[in-house]
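1. take this sequence and fold it.
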Amino acid sequence: MRKIYLLPFLAIWCTLPVFSQQMVLKKGEIIEDLSVNDSTENTYSIYVPKKFSMDKKWPLLMVFDTEGKEKSALSMFVMAAENEGYVLAAPKLMDTVSLTKNMILTSETIKKITGMLPIHSDRIYTAGEGTGGQFASLVPVLIKGVNGVMSIGASLSNSELIDMKKPFHFVGIVNKENYNYPFMLTDAKLLDRYKFPNQVLIYDGNGQWPGIPYIEKGMQIFTLDAMGRKWMAKDSIYIEKLYQEDLEKVNQLKNIGDLLWAEQYMTEMMSMYGALKNMDSLRSVQRDLRRSKEYKVQKRAENAAFLQESMLKEDYQYYMEEDIYTHNFNNLGWWNYQMGEIDKYISGSKPFEKQMGHRLKGYVNALAEDNIDIVLSEEVVDEDALAFLYMLKTILEPDNYEFYFKIISLSAKNDDFGTSLFYLEELLKKGYKDKEKLYSLENTALLRITPEFNELVSKYLKEARYDIKVDEN
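-> Predicted structure coming up:
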């Protein structure tokens with residue numbers, strides 16, 4: 001006997017300019033490549049939770065990835081959206097497209113979804129990681145009706161654009177080893193002055209992704225805020241459950257001796273629950289913690305690390321700009337020394353200096369990559385400046401083969417075979433094995449038929465493509 005399985009799905013009728021079309025969205029599954037308008041170029045992906053129904057209004061979280069990987073970005077939020085009851089959507093954005101076009105596409109996607117699903121008009125939020133998070137922070141500034149941002153590992157894109165008359169809720173999620181951590185703390189102070197609701201959630205480790213519990217917490221914060229603003233009914237059981245979980249987290253942080261994180265988390269709890277319950281007891285616990293000797297010692301150590309970090313970042317920015325402008329290849333040795341000093345912080349025993357070291361390494365890498373983008377965007381590319389930056393990146397990220405390829409190719413293009421051969425050997429010393437890639441590098445047609453190139457390949461990879469002999473006569 002054949003069994004019939006009933007798959008949950010949602011049939012939605014949407015009126016288009018010329019005809020009516022039935023769109024079927026399967027609940028609990030990411031649906032890709034849906035058309036935003038008549039143009040097939042503008043598409044989006046959507047996720048509707050399994051418990052979705054048309055008889056109530058739902059919050060919408062717009063997820064952004066600026067490299068066109070919207071499905072992958074969306075998938076990272078799916079489990080949290082399922083647990084917390086959020087509709088997800090992600091327009092297909094590209095960093096090669098102007099900000100204006102990406103923002104128009106975002107606005108049209110929101111209109112499309114709110115026109116066919118029962119979305120709560122006050123509960124439209126944005127989210128993203130890295131550059132996606134920066135884009136997400138611009139959306140409520142430029143598009144009316146977006147009331148919250150969840151930014152992972154990224155500070156505000158441009159604080160100067162913030163309009164005090166258009167407040168939004170900012171939730172930042174970051175680890176202490178991310179170079180954006182101090183910037184995010186600064187953003188939080190600015191938003192406090194503007195009286196914008198905001199929280200910064202900190203997580204451990206140097207990974208780029210915080211994990212599902214933190215994504216859930218970001219959604220929970222938006223839900224608690226909606227209850228406080230009476231955009232939705234107050235759920236006392238839900239509130240108390242989350243409060244007890246957060247209280248347990250504070251106790252765990254205190255037990256492991258991370259008093260700064262415990263104190264910071266209590267501050268965030270005040271703003272999360274302040275409109276929903278009495279916080280006097282937690283405020284008393286926080287006050288006692290701040291008075292403790294251990295807390296004061298940790299606070300002084302962290303402040304000292306922040307101060308040192310700030311001065312070093314100013315030096316790095318100044319010298320990088322100077323070196324790029326003057327094509328100061330001789331200063332690459334200084335940069336190599338600086339990376340050694342940063343590695344000493346990372347391998348040291350002082351926790352705040354270890355965190356600082358990771359942040360400094362991330363900052364210098366980001367600074368170099370930003371300058372590469374600037375040089376490449378110029379009408380006439382300064383290839384000497386570009387060569388310096390590619391060489392610098394081999395120092396900053398010695399195991400990232402991409403920049404060895406780039407400097408080999410660029411030097412060969414300018415007939416500087418000596419530099420190309422030097423970085424080829426440095427690459428091979430790292431254990432690089434892909435011979436086909438080496439013989440297909442752009443601009444190296446003449447270089448790769450030289451005896452020197454093939455001798456290096458033969459030395460490290462046993463056999464070269466060309467056996468070139470020089471006639472001594």
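
2. now the lengthiest strand in the chain: how far from the chain's centre is it?
-> Counting by DSSP state E, the longest strand found in the chain is strand 119-129. The chain centroid and the centroid of strand 119-129 are separated by 18 Å, computed with Cα atoms, centre = their mean, to the nearest Å.

3. adjacent strands (with direction) for that strand?
-> strand 58-64 (parallel), strand 148-152 (parallel) (DSSP bridges).

4. CA atoms only: put that strand into PDB for me.
-> C-alpha atoms of strand 119-129 as PDB (Å, rounded to 0.1, in the frame of the first residue of the first chain):
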ATOM      1  CA  ILE A 119       4.500  40.500   8.300                       C
ATOM      2  CA  HIS A 120       4.300  42.700  11.400                       C
ATOM      3  CA  SER A 121       5.000  46.200  10.100                       C
ATOM      4  CA  ASP A 122       6.900  47.200  13.300                       C
ATOM      5  CA  ARG A 123       9.000  44.100  13.300                       C
ATOM      6  CA  ILE A 124      11.200  44.200  10.300                       C
ATOM      7  CA  TYR A 125      14.900  43.700  11.100                       C
ATOM      8  CA  THR A 126      18.200  43.200   9.300                       C
ATOM      9  CA  ALA A 127      21.200  41.000   9.900                       C
ATOM     10  CA  GLY A 128      24.600  40.100   8.400                       C
ATOM     11  CA  GLU A 129      28.100  39.100   9.200                       C
END
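
5. from the middle of its chain, how far away would stretch 286-301 be?
-> 31 Å.

6. scratch that, stretch 64-73
-> Worked out by Cα atoms, centre = their mean, stretch 64-73 lies 11 Å from the chain centre.

7. can you check stretch 249-265 too?
-> 25 Å.

8. how about stretch 446-466, which residues are buried there?
-> Residues 447-448, 450, 453-454, 456-457, 460, 464-465 are the ones in stretch 446-466 that count as buried (16 or more other Cβ atoms under 10 Å). C-beta coordinates here come from the backbone N, C-alpha and C atoms, glycine included.

9. among those, name the ones in helices.
-> 453-454, 456-457, 460 (DSSP state H).

10. take these and write them to CSV, including pLDDT and distance to residue 52.
-> Formatted as CSV, those follow (pLDDT from 0 to 100; distance: Cβ to Cβ, whole Å):
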residue, pLDDT, distance to residue 52
453, 95, 60
454, 94, 62
456, 95, 60
457, 93, 58
460, 94, 57
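
11. distance to residue 423 for these - can I get that in JSON lines?
-> As requested, these are exported to JSON lines (distance: Cβ to Cβ, whole Å):
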{"residue": "453", "distance to residue 423": "12"}
{"residue": "454", "distance to residue 423": "16"}
{"residue": "456", "distance to residue 423": "11"}
{"residue": "457", "distance to residue 423": "14"}
{"residue": "460", "distance to residue 423": "13"}
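
12. what is the nearest of these to residue 215?
-> Ranked by distance to residue 215 (Cβ to Cβ), these are led by residue 460 at 44.6 Å.
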